[in-house]
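K.L.:
Predicted model, plus sequence, below.
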Amino acid sequence: MRDVQIPQLPDGLQIRSKILFLALFCFLPIAAGAQTADEIVKKALDARGGAEKIKAVQAERVTGSISFGPGAEGVFVVELKRPHKMHMEISIDGQKLVRIYDGKGAGWTINPFAPNRDVQPMSDEDLKSISDESDFDGPLVDYKAKGNQIELMGKEDLDGKPVFRLKLTNKNGDVRFYLFDVSSFFLLKWEGVRKADNKDIPWESFFSDYREVQGLKYAFKIDSGSPGTDLKQSLTAEKIEVDPQIEESRFAKPAPPESPAAPATTPPENR
């Protein structure tokens, strides 16, 4: 699972939108499993189409819609390309937020809701987690090589379905939990803690509507929220493209956003 954040948004959307990307990237390949942690990971990958097929994908594009509730809807597009290149756009209320990483150590954001609306370099905090965000294989593919540790915590019930619970600790020490259906080995739920405004916020995401795209299975629906709060969001993928043509310029520093057009004035002689 990938952790992605964007800058400030108005009217209480800031925390929601920061956590949006956490769930957003779950449309992209990850895993599911069996008796031991490694067996569960293997079966999860097999359920999605197999590790080799996942790793053979060179680029992906996901487009869809997001809702934070009535009156707070938007659309998104995420483009990913090896190695670790990412271009993300979210449009809310006619404003477009942009987030780009070149896969080499540099990234940029454009936030029309922030005081400075020009192109800004990604913060050190963003760059620290960007490799997870732009890894569309997901944290369970080749997890040992990525510095992740996985433990099988046992079997439990999730809304009447038996699931396996896996605990993943990444190289930064962040802990996350993944719950996989014991029959299909699809990911059904993610649990973790997200940081927003220097606060740790518990977060959970539920995955459904799995569909096949060019031999790989993806969850087209993700419902997320912070337990005990009114922070909710719903993501729906309308289209997932495997190996689309994506120009390299999409991962370069973007051009400055255009300034709003000045209001028209009537020449003095026409007044």
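P.N.:
Perfect, I can see it now.

K.L.:
now stretch 221-231, how far from the centre of its chain.
P.N.:
The gap between where stretch 221-231 is centred and where its chain is centred comes out at 15 Å by C-alpha atoms, centre = their mean, to the nearest Å.

K.L.:
Could you check it and say which residues are buried?
P.N.:
Within stretch 221-231, the residues scored as buried using 16 or more other C-beta atoms under 10 Å are 221-226, 231. Every C-beta, even on glycine, is put in place using the N, C-alpha and C of the backbone.

K.L.:
got it, and stretch 139-153?
P.N.:
139-141, 143, 146, 148, 150, 152.

K.L.:
Residues touching the longest strand seen in the chain, excluding its own?
P.N.:
Longest strand in the chain, counting residues (DSSP state E): strand 199-213. With contact meaning C-beta atoms under 8 Å, 6 or more residues apart in numbering, strand 199-213 is reached by 15, 19, 22-23, 26, 49, 184, 186-195, 217-229, 231, 240-242.

K.L.:
Give me the PyMOL select line for these, limited to the buried ones.
P.N.:
Burial among the contacts of strand 199-213 is assessed by 16+ other C-beta under 10 Å; the matching PyMOL selection reads:
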select buried, resi 15+19+22+23+26+49+186+187+188+189+190+191+192+194+217+218+219+220+221+222+223+224+225+226+231+240+242
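
K.L.:
Per-residue pLDDT of Asp200, please?
P.N.:
Looking at Asp200, its pLDDT stands at 83.

K.L.:
How about Glu258?
P.N.:
74.

K.L.:
Ile92 too?
P.N.:
88.

K.L.:
mind checking how far it is from Pro162?
P.N.:
Taking C-beta to C-beta, to the nearest Å as the measure, Ile92 falls 38 Å from Pro162.

K.L.:
Kindly report the same for Pro121.
P.N.:
Taken as C-beta to C-beta, the span from Pro121 to Pro162 is 47 Å.

K.L.:
Cool, thanks, talk later.
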